[in-house]
Structure formats: C-alpha cells, structure tokens
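Participant: Model the structure of this input:
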Amino acid sequence: MQPKLTEIVLAAGGNIGDSAAIFRFAAARLHRGGVKNIRMSALYRSSPENCPPGTPDFINAAMVGQWDGLPGELLKLCQETETAAGRPRVHGFNAPRTLDLDIILFGDEIIDLPGLRIPHPRAARRRFVLEPLAELIPGRSFPDRGQTVAQLLKALGP
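Facilitator: Purely as a prediction, here's the structure:
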C-alpha cells in the first residue's frame, strides 16, 4: 500500500546571503528529506516587519509539495534545513536570517500543538506569504478560514 501523500505549503524567507541560492539549497534538501514534487514561486522582496531598526529587506518565496510523514517530522526537517543553511538553532526574535521555513498548510488539517500551529497563525494576514502562494495555488483554501489564498490577498487591499 502506498503511503498517503499530503499537500504541504511552506513559506521561505531570508535576508542574509544569496536568498535565491539558499532557497534552491533548501528545496533540494527538503526533496532529499522526502518532500516530493516541490514547486517554488518566484522571489518577492518585502520590508521587514517587527524587526530591529536597520534590518535588511527580506526575500520571500513559497514552496508547494507532497509529504508522506507526520507534521512534526516535517517541522524537524524544516528546522534541520534552516540550520544547514546557516541559521543558528537559537536566535533572537525576528533577527536577520539566512533561511526561515514556515509550514503554512498541511493538507486540510488544523493543528494546535506546542511549537506547531497549522495553518500558520499569521500567514493569512501577511502579504509576503500570500503573494508567492497566489502565484502557485490561488484557489487553495485555508481550512481555518474558508477563504482562498486569492481572497485573503485581495482582502489585504492594495
């Protein structure tokens, strides 16, 4: 019997180093770790939000793929990938970083565990998450909101 593949949606961000190369590295490492059929959006630039003064702009992208494991296993793979890309495991809140990977959606599941909330609790209010997602999956609904990526992005206004 084939393992069940779950559609996963990740947001990638970084503001230290060559983000394009780091995101390619991350996608390759995620693939080696078991994420299948990864598609990545174009890169988007965004101003830092709630970051220390002088923080450089961020580069953001979205990745969509399929996973046959548990959400906690995917979180561990994402954290290991961040570390492999040069992000210290212990870091300050909103500190500059080479790579930040957030699990935005895990199928249609709603997960609320210590250290893991899916859908990501702030994703539906973040243009830098929704714009790259709209490129890949504009009609995908957030299970906790009943609205699509395109609808959520439109609600943010111009």
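
Participant: what are the ranges of the helices in this structure?
Facilitator: With DSSP state H, the ranges of helices along the chain come out as 19-32, 71-84, 127-136, 149-155.

Participant: tell me the contacts of Asp112?
Facilitator: Under the criterion of Cβ atoms under 8 Å, 6 or more residues apart in numbering, Asp112 has no neighbours. Bear in mind the C-beta positions are built from the backbone N, C-alpha and C, glycine included.

Participant: mind running it again at 10 Å?
Facilitator: Ile118, Pro121, Asp144 (Cβ atoms under 10 Å, 6 or more residues apart in numbering).

Participant: Out of the residues you listed, which is nearest to Leu152?
Facilitator: For those, the residue nearest Leu152 by Cβ to Cβ is Asp144; the value is 11.2 Å.

Participant: Next up, the contacts around that closest one.
Facilitator: Counting by Cβ under 10 Å, 6+ apart, Asp144 has contacts Leu105, Asp108, Glu109, Ile110, Asp112, Arg117, Ile118, Pro119, Pro121, Ala124.

Participant: same check, this time on Ala28
Facilitator: Applying Cβ under 10 Å, 6+ apart, the residues near Ala28 are Ile38, Thr81.

Participant: swap in Thr6?
Facilitator: Counting by Cβ under 10 Å, 6+ apart, Thr6 has contacts 65-71, 74, 105-109.

Participant: With distance to Pro132 and pLDDT as new columns, can the contacts of Asp112 be given to me in CSV?
Facilitator: Shown next, in CSV, are those (distance: Cβ to Cβ, whole Å; pLDDT from 0 to 100):
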residue, distance to Pro132, pLDDT
Ile118, 18, 97
Pro121, 18, 91
Asp144, 20, 94
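
Participant: Dump these to JSON lines, plus distance to Ile137.
Facilitator: Output for these, formatted as JSON lines (distance: Cβ to Cβ, whole Å):
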{"residue": "Ile118", "distance to Ile137": "15"}
{"residue": "Pro121", "distance to Ile137": "19"}
{"residue": "Asp144", "distance to Ile137": "16"}
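
Participant: hmm, who's touching stretch 76-83?
Facilitator: For stretch 76-83, using Cβ under 10 Å, 6+ apart, the contacting residues are 8, 10, 12, 14, 22, 25-30, 32-35, 67, 69-70, 87-89, 91, 97-103, 115.
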